[in-house]
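J.: I would like the atomic coordinates for the input below:
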Amino acid sequence: MKSNHTHTHVQNHDHSDLKGKKILFTIGLNIIITLAQAVGGMLSGSLALLSDALHNLTDVISLIISYIANLFTKKEASKARTFGYKRAEIIAAFVNSAFLLIIAIYLIYEAILRFYNPQEIESNVVIWLALLAIFANGFSVLLLKSEAKENMNMLSAYLHLFTDMAASVAVLIGGLLMKYFHWFWVDSLLTILIGLYLIFMGYDLLKKSFKILMLFTPEHISIEEVTLVIKKNYAIKNVHHVHVWELNENEVHIEAHIELYNDIKVSEFDIILEEIEQILLQDFNINHSNFQPEFKKNDPKNLIIQD
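T.: Numbering: from 1, shown residues only. I've put the predicted structure just below:
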């Protein structure tokens, strides 16, 4: 029997046009907030407000990156790009999370310097602009919440907006403390706390997107369990040369060599393959498979083989 590769897949379609419109709306909203907070921060002398404006600027940049990535995912596959641009949104998530970490570290550095040299701040400006940011970012967060549950690119944009809303709440509290108690050092303390929170959120997303880009085995999948499930089929003697990876958040791929007990027909192997694919989809959410059947082939039988 000749070796042949069999490929099956289950396609997932999302509402790209709706996502694009939502992102465009939040971009416009965040540009307004950024300009208002930047001017207000300079007028009031509040580092927390300026840091919030800077974070909003990163929101704008990240949302633009997310929007461009969303546009790229609509492009069809071609002979030169056989997978199309399905990883565009994963790359966007990676870039956005890395950018978030850099901004957070910078904010903490500036806040530490200001902490030892607190300055008087115009608290009324801080309070009103914080309220504006809370309202605008809160609306944007609600707008993107449903997409964030299903898409890593949208999650990165959502996290930028959510953390900025949380930061604005902290800035509002700080503004009230400065107004009524003259605790101007609170401005620096809040900036440090905002920065630490951004690092916590950004690192998690950076790690997840990095693992997908590096073709790591998804965390919810055990290679050993997958091979045991495949070997339960009566016709299969061994499974080796296994690779499992995520192309993006919707597509989990597997490729493997399957050694058979008997030299069966291709049509018989197709029946076996269909059974295996259904089990892999149900048990592991693996929706793309590429198996090479073998019979008495003299090749390494290791479970994992470095290509």
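
J.: My reading is that residue 74 lies in a strand. Confirm?
T.: No. Residue 74 sits outside any strand when classified using DSSP: H, G, I helix; E, B strand; the rest coil, being coil.

J.: what about it, neighbour count?
T.: Neighbours of residue 74 under the rule other C-beta atoms under 10 Å: 12. C-beta coordinates here come from the backbone N, C-alpha and C atoms, glycine included.

J.: Roughly how far does it sit from residue 202?
T.: Using C-beta to C-beta, to the nearest Å, one obtains 27 Å as the distance from residue 74 to residue 202.

J.: Name the residues of the helix or strand harbouring residue 209 that come out as buried.
T.: Using DSSP states H and E, residue 209 sits in helix 186-213. If you call a residue buried by 16 or more other C-beta atoms under 10 Å, then helix 186-213 has these buried ones: 186-195, 198-199, 201-202, 205-206, 208-209, 211-212.

J.: What helices and strands are in contact with that helix?
T.: Packing contacts for helix 186-213, counted by 3 or more C-beta pairs under 8 Å, 6 or more residues apart in numbering; DSSP states H and E, involve helix 47-72, helix 88-115, helix 152-181.

J.: What is the subsequent helix or strand relative to it?
T.: Going down the chain from helix 186-213, the next helix or strand is helix 223-231, by DSSP H and E.

J.: who touches that next one?
T.: The contact list for helix 223-231 (C-beta atoms under 8 Å, 6 or more residues apart in numbering) reads 217, 236-239, 242, 244, 254, 256, 258, 276, 279-280, 283-284, 286, 303-304.

J.: Tabulate the CA atom coordinates of that helix in PDB.
T.: In PDB, the C-alpha atoms belonging to helix 223-231 read as follows (Å, rounded to 0.1, in the frame of the first residue of the first chain):
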ATOM      1  CA  ILE A 223       0.300  14.000  23.300                       C
ATOM      2  CA  GLU A 224       0.300  10.700  25.200                       C
ATOM      3  CA  GLU A 225      -3.500  10.800  25.600                       C
ATOM      4  CA  VAL A 226      -4.000  11.600  22.000                       C
ATOM      5  CA  THR A 227      -1.900   8.600  20.800                       C
ATOM      6  CA  LEU A 228      -3.600   6.300  23.300                       C
ATOM      7  CA  VAL A 229      -7.000   7.300  21.800                       C
ATOM      8  CA  ILE A 230      -5.800   6.700  18.200                       C
ATOM      9  CA  LYS A 231      -4.200   3.300  19.100                       C
END
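
J.: buried ones in that helix?
T.: 223, 226, 227, 229, 230.

J.: For stretch 149-162, give me every contacting residue.
T.: Here stretch 149-162 has contacts from 14, 19, 23, 26, 30, 55, 58-59, 62-63, 66, 69-70, 88-90, 92-93, 96-97, 100, 137, 140-141, 144-145, 147-148, 201-202, 205, 208-209, 212, 248-249, using C-beta under 8 Å, 6+ apart.

J.: repeat for stretch 165-180
T.: Residues contacting stretch 165-180 (C-beta under 8 Å, 6+ apart): 46, 48-49, 51-52, 55, 121, 123-124, 126-127, 130-131, 133-134, 137-138, 141, 183-184, 186-187, 189-190, 193-194, 197.
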